[in-house]
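[1] Show me the folded form of this:
(chains A and B, ligands or ions: 1)
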Amino acid sequence: MAMTITEKILAAHAGREFVEPGELINVKVDVALGNDITAPVAIREFARLDVETVWDKNRVIFVPDHFVPNKDIQSAEQAKMLREFARKHSLTNFFEVGKMGIEHCLLPEQGLVVPGDLVIGADSHTCTYGALGAFSTGVGSTDLAAAMALGETWLKVPESLKFIYTGELPQWVSGKDLILHTIGMIGVDGALYQAMEFCGPAIENLSMDSRFSMANMAVEAGAKNGIIAPDTTTWDYVQGRAKRGYHFESSDPGAKYAQVYDIDVSSLSPQVALPHLPENVKPVEEVANTTIDQAVIGSCTNGRMSDLREAAAILKNRAVNSNVRLLVIPGTQDIYRQAIKEGLVETFIAAGAAFSTPTCGPCLGGHMGILAAGERAVATTNRNFVGRMGHPESEVYLANPAVAAASAILGRIAHPREVE
Amino acid sequence: MELKGKTWKFGSDVDTDAIIPARYLNTSDPAELANHCMEDADPGFPAKVEAGDIIVADKNFGCGSSREHAPIAIKAAGVSCVIAKTFARIFYRNAFNIGLPIFESPQAAESISDGDQISVDMETGKIVNYTKDEEYQATPIPSFMQDIISAGGLINYVAKRVKTDV
Ligand code: SF4
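    Residues are numbered from 1 along each chain as shown, chains lettered A, B, ... in the order given. I've put the predicted structure just below:
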């Protein structure tokens, strides 16, 4: 029977030849992930189980990234819970401040998730790893606790949606724009309970970083997972990083899809999602008069090397507008160091930006750049819900790093070509 | 079992940042979280809601982050169940896992008004609106989820398995 890539990975982890949409299955997980918000709840639930230790000390991964370096006493207590649990259970993958990164940038970079994996994480953007050709999805803390004990979880096999992207990407248009455009098209529940499979010539030409941005935001359309079949780009990325064996899966010809979408990207503009939903998407030209108070470049969507390079190319020898605070936050320590080596940090600071250690920080309105009432930000993050970056009366506009950089220079939302 | 209470009506795409803003996530204490439940959707909600009340919303309730703090805050605020047209999938899992009953019923979501007195039959999914003298049907809870609920949540369910495995 023909299966999609998602169904194949699920079948393999359920010890089955074949699965079909709608079935409830029990699956083995390759990695179970928690962070400083979700793991404390999981640790407490885990303690209620009568088990001595975690199922696999190498595969239960804790990354404190949301409120670190800790912003207050309460968040310090939460990070401490992770640290103590990690020591007690000898977790090999606990990432302390100074070694950590935003979880969804860090795990692929460190080769801890690989193609063909089945990963659950108590964080909704766990779907990011679909870019590698893995099945990965977000769950809650109690699900994480159960997986920490059993190395298994239950899942419902999702139907798949196929998105075929054709045409050549215009300049300044990246994976972020493709996914924003797609969410604008199908809505924030357009893929509810379903798998989003991204394919076509435009995806084959897409960098790994852009693929991560796309899979990352699948949850913003309500999807269970986003996935891209691995190819030579994936191979180049994984080689030398992978800490375990991996295998490349792909959809069979004749696999069933609930729906197929054809999207021509050749005339796409950079996209901007207006407050307060990621589906309120417009081409940047239509919102170019919107003034901003803050620009944020970073997050698990766009805090990777190519994102920083793109932003730096625009900010080189230019200055951040006097009405704007620009915050640039690298996704991981490795990205931070590479940005120093390439002189990007110098460019950002010379332009008048604040450059920070890796953290989720402002992305979720945690710390390091909270908005006051009435303030407006353009951000390379993934959510623009009410109050997401601070005060309930503040606003977040989602865009790619080039748009955020150009906007920081002009003090209003801008197309990158305006500052070229 | 029957749940009875007064309804509070919300719109579409109520996200987990509206249910419990991230600025309060430096704790996971249910009572603390309940003090800020639904605050960014309706600032007065924590003070107004009474034990047994029922939240009724449109589509995609609970979209956004995976924070289990969202259903925990709702449950700790005394809300007995949530009815919506549809739920975001992580919220759906989390609600069952922590023992907050939720029901999908497009008909109920459309017909019920703010402040109606209603009852929900946990087993059959039948919803009765006493204020409007109407009845609606919710999608019955899948049997696997019912097992989790009758075990008292996922952890108790898993605890049983851990014991029988050894
Ligand atoms: S960067 Fe933002 S979206 Fe990504 S994990 Fe952190 S808080 Fe969540």
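[2] pLDDT averaged over stretch A:252-264 - what is it?
    Average pLDDT, stretch A:252-264: 98.
[3] Any residue of it touching chain B?
    No. Applying Cβ under 8 Å from any Cβ of the partner chain, one finds stretch A:252-264 separated from chain B by no less than 15.0 Å. Where you see a C-beta, it was placed from the backbone N, CA and C, and this is true even at glycine.
[4] buried ones in that stretch?
    Within stretch A:252-264, the residues that qualify as buried are A:255-257, A:263, counting by 16 or more other Cβ atoms under 10 Å in any protein chain shown.
[5] Then stretch A:201-209?
    A:202-203, A:206, A:208-209.
[6] Also stretch A:237-251?
    For stretch A:237-251, by 16+ other Cβ under 10 Å, it's A:237-238, A:242, A:246, A:249, A:251.
[7] Of these, which belong to helices?
    Of the buried residues of stretch A:237-251, the ones assigned to helices by DSSP state H are A:237-238.
[8] Touching, residue A:61 and residue A:35? I think so.
    No. In this structure residue A:61 lies outside contact range of residue A:35 using Cβ atoms under 8 Å: 9.6 Å.
[9] if you count what's nearby, which of the two comes out ahead?
    residue A:35 (29 against 25; other Cβ atoms under 10 Å in any protein chain shown).
[10] Return the set of residues that bridge with the more buried one.
    residue A:63 (DSSP bridges).
[11] just checking, it touches residue A:123?
    Yes. Applying Cβ under 8 Å as the test, residue A:35 and residue A:123 come out as touching, 5.6 Å apart.
[12] Which neighbours do those two have in common?
    residue A:103 (Cβ atoms under 8 Å, 6 or more residues apart in numbering or on different chains).
[13] ok, back up a step: and which of the buried residues of stretch A:201-209 is nearest residue A:230?
    residue A:208 (10.4 Å; Cβ to Cβ).
[14] Looking at chain B, which strand is longest?
    strand B:2-9 (DSSP state E).
[15] C-terminal to that strand, what's the next element?
    Downstream of strand B:2-9, the first helix or strand assigned by DSSP states H and E is helix B:16-19.
[16] hmm, the helix or strand following that next one in reach of chain A?
    Next helix or strand after helix B:16-19 toward the C-terminus (DSSP H and E): helix B:30-34. No. Under the criterion of Cβ under 8 Å from any Cβ, helix B:30-34 makes no contact with chain A; the nearest approach is 9.4 Å.
[17] How about the contacts made by the residue in the stretch 151-300 of chain A positioned nearest to chain B?
    Closest to chain B within the stretch 151-300 of chain A is residue A:189: 4.1 Å, counting by Cβ to the nearest Cβ. The contact partners of residue A:189, by Cβ under 8 Å, 6+ apart, come to A:221-222, B:13, B:59-60, B:63, B:86, B:88.
[18] Now flag whichever of the residues you listed is closest to the ligand.
    residue B:63 (13.3 Å; Cβ to the nearest ligand atom).
[19] quick one: that closest one from residue B:110, how far?
    19 Å (Cβ to Cβ, to the nearest Å).
[20] Settle it for me: which of those two has more neighbours?
    residue B:63 (32 against 11).
[21] how many other residues sit next to the closest residue to that one other than its chain neighbours?
    Spatially, and ignoring its direct neighbours in sequence, residue B:63 is nearest to residue B:88 (3.9 Å; Cβ to Cβ, 6 or more residues apart in numbering or on different chains). Using other Cβ under 10 Å, residue B:88 has 29 other residues around it.
[22] Residue B:88 is in contact with residue B:62, isn't it?
    Yes. Using Cβ under 8 Å, residue B:88 is in contact with residue B:62, at 4.6 Å.
[23] ok, back up a step: check the buried residues of stretch A:237-251 and tell me the two furthest apart.
    Among the buried residues of stretch A:237-251, A:242 and A:251 lie farthest apart (Cβ to Cβ), at 22.3 Å.
[24] neighbouring contacts of stretch A:262-270?
    Taking Cβ under 8 Å, 6+ apart as the rule, stretch A:262-270 contacts A:163-170, A:172-173, A:177-178, A:181-182, A:185, A:200, A:202, A:283-285, A:399-400, A:402-403, A:415-416.
[25] From those, keep the buried residues only.
    Counted by 16+ other Cβ under 10 Å, those give A:163-165, A:169, A:172-173, A:177-178, A:181-182, A:200, A:202, A:283-284, A:399-400, A:402-403, A:415-416 as buried.
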